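Q: mind looking at a prediction? Sequence and model below.
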Amino acid sequence: MRLHPVVLFLLLGLYPVTAQTPPPTNAAPVRALPVGPAGQTNPAPPRAVPVNPADLTNAAPMAAPMPLAVPGGVNIHWYGHGFVFLTSSVGVRAAIDPYGPETVHYKFPVHLEADFVLVSHEAEDHSAAEQIFGDPPIFRSVTAVGLNRANGIPFHGIALQKDPSGQGGANTAFTLTFDGITFCYLGQISQPLIGTEKQQLGHADVVFLPVGLNSLSVNDFNQIVTDLGAKIAIPINYKTEYTGDLILRPLDEYLAGNKLPVRKFDSDEVVITRAMLPAQPTVYVLKSP
């Protein structure tokens, strides 16, 4: 029986014919989407993307983990040489004497941020404040002498005596207080403290001693701890495999002549509180980075 063309057209409209093309042989199998509550379709989980090892090699370095704020205490992080980083319990961060890349060979932390930077003197290995991220205010050597304030933290800059040989430049020591603990940073100190310097520095709970400087004897450094009434002395700025051609005293030489108790830490970071200050002056030796 032959169908009238009009009837045939209507039948084809009711039952459309779709062309079927076989999938390519290398196509991934089609997976049904999982069905969630009330018949809702959940999207398929994303598939991992393979990583080219060359991409990892060329990638920008990741930022170093920031020293953490610890409730009630101050986090002291030593990045090597004279570079000290203090973090208060509420997260205020002070970077002191960050080193540049031309003199010493410590690895500078990537994308390290601070709220303010203190620079004791303008030697390249102590004054690379531009390497600190976050566009912090910078207080430099002679311009930082006197009473200053940064992020609500008052601190003093004290001009110390210049090298009697006339070779050294100006040097500014700093005292600042975080969480009731007063810190003293001596910079490139070249002579034992005199009366006016002791008076301006005042009392310090923690002093960072640049024990590698040959301009002072070990006994001179011991006397500074006594002059400041410090409970903790932290050696910095001494000879290591990363200090290049700088002429510095090694740590062992200082410790051999030191008369104070010594406590060694297996870390370049330590947290202290006022309640943790030792009863008698003690040398805290942090692990060299």
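A: Received the coordinates, thanks.

Q: assumed I224 was part of a helix.
A: Yes - I224 forms part of a helix when assessed by DSSP: H, G, I helix; E, B strand; the rest coil.

Q: local confidence estimate at it?
A: Taken from the predicted model, the pLDDT recorded for I224 is 97.

Q: what is the neighbour count of it?
A: Neighbourhood size, I224 [other CB atoms under 10 Å]: 22. Backbone N, C-alpha and C define where each C-beta goes, glycine included.

Q: so it touches L186, yeah?
A: Yes - proximity of I224 to L186 meets the contact threshold set by CB atoms under 8 Å, at 7.3 Å.

Q: which neighbours do the two share?
A: Both I224 and L186 are in contact with 207, 209, where contact means CB atoms under 8 Å, 6 or more residues apart in numbering.

Q: so what would you say the end-to-end distance of stretch 175-188 is?
A: Across its full length, stretch 175-188 reaches 15 Å end to end, with CA to CA, to the nearest Å as the criterion.

Q: what's the mean pLDDT across that stretch?
A: Stretch 175-188 shows a mean pLDDT of 97.

Q: which residues touch the residue nearest to T240 when sequence neighbours are not counted?
A: Counting by CB to CB, 6 or more residues apart in numbering, the nearest residue to T240 once its immediate chain neighbours are dropped is S288, at 5.3 Å. When contacts are counted by CB under 8 Å, 6+ apart, S288 is found next to 80, 240, 251, 268.

Q: model confidence for S288, exactly?
A: The predicted local confidence for S288 comes out at a pLDDT of 94.

Q: any idea how far it lies from E122?
A: Applying CB to CB, to the nearest Å, one obtains 25 Å for the distance of S288 from E122.

Q: same deal with L255?
A: Spatial separation of L255 from E122 under the definition CB to CB is 30 Å.

Q: one more: H77?
A: Going from H77 to E122 by CB to CB gives 23 Å.

Q: now Q223
A: Relative to E122, Q223 is positioned 27 Å away (CB to CB).

Q: are we agreed that V283 is in a strand?
A: Yes - the assignment for V283 by three-state DSSP puts it in a strand.

Q: ok, the helix or strand hosting P235: who's next to it in the sheet?
A: Taking DSSP states H and E as the criterion, the element that holds P235 is strand 232-236. Pairing partners of strand 232-236, with direction, according to DSSP bridges: strand 206-210 (parallel), strand 282-285 (parallel).

Q: pick the most buried one from the ones you listed.
A: Per-stretch averages of neighbours, counted by mean count of other CB atoms under 10 Å, single out strand 206-210 among the strands paired with strand 232-236, with a mean of 25.

Q: which outside residues touch that one?
A: 76, 82, 84, 96, 181-189, 221, 224-225, 228, 230-238, 272.

Q: show me where the stretch 1-150 of the chain has its strands.
A: With DSSP state E, counting those that start in this stretch applied, the stretch 1-150 of the chain shows strands at 74-80, 83-87, 93-96, 116-119, 138-140, 146-150, listed in chain order.

Q: done for today, thanks.
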